[in-house]
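Asks: Based on what follows, work out the 3D shape:
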Amino acid sequence: MKVIGLAGWSGAGKTTLLSRVIPYLLGRGLRVSVIKHAHHEFDVDVPGKDSWVHRQSGATEVLVSSTRRWALMHELRGASEPRLPELLAKLAPVDLVVVEGFKREPVNKIEVHRAANGKPLLFPGDASVVGIASDVAVETSLPIAHLDDIEEVAALMLRFAVAVDDVLAVASAGS
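Replies: The predicted structure is shown next:
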């Protein structure tokens with residue numbers, strides 16, 4: 001199982017790009033999972049549903065299951081947010097895990113840059129950026145792929161993805 005991150009400002013197109021790369025990778029026979037960092041108050045549940053009521057009643061975890069999917073909701077209740085290595089350990093084995101967000105975690109990242117977003121590039125100040133997907137030319141020695149070249153973006157992601165064990169080793173050395 002390997003891991004690669006996507007980095008970029010809000011509005012750069014990370015999610016849109018990933019929604020195009022995942023089907024491409026699946027078409028090549030790879031299994032892909034995603035870990036997405038969200039804002040503080042996100043919720044996957046629906047107020048009023050049984051699972052929501054169980055959580056509101058104080059349950060530490062609520063697991064919802066059906067014939068199509070299951071989801072485990074864990075309430076932190078004041079505990080620290082888990083770091084990326086802990087979250088990676090919760091995933092079923094796949095070929096590639098794409099991490100969106102988690103800017104400070106020690107994982108290689110492909111920066112997603114869109115000129116119309118009007119934001120500066122991240123890579124000059126972020127040594128974890130190992131490649132760039134952009135809609136404009138960028139002056140750098142890093143490898144670059146155009147945002148619309150899904151095959152090339154996927155190749156960058158696969159080229160620079162690192163083994164989960166390497167991410168776990170770096171994280172434990174830094175803690």
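Asks: Distance of the most centrally placed residue in the chain relative to Ala171?
Replies: With distances taken as CA atoms, centre = their mean, Val99 lies nearest the centre of the chain, 1.8 Å away. Plainly put, Val99 is 13 Å away from Ala171 if you go by CB to CB, to the nearest Å. C-beta coordinates here come from the backbone N, C-alpha and C atoms, glycine included.
Asks: okay, and the common contacts of those two?
Replies: Common contacts of Val99 and Ala171, defined by CB atoms under 8 Å, 6 or more residues apart in numbering, comprise Leu84, Glu105.
Asks: For Leu25, give me phi and psi.
Replies: With angles defined as degrees, to the nearest 10, Leu25 sits at phi -70, psi -40.
Asks: ok now do the residue located most distally from the centre of the chain, which residues does it touch?
Replies: In the chain, the greatest distance from the average C-alpha position (CA atoms, centre = their mean) is reached by Ser57, at 30.7 Å. If a contact means CB under 8 Å, 6+ apart, then Ser57 has no contacts.
Asks: That one and Val97: what is the separation?
Replies: From Ser57 to Val97 the distance is 33 Å (CB to CB).
Asks: again with Leu122
Replies: Distance from Leu122 to Val97, by CB to CB: 21 Å.
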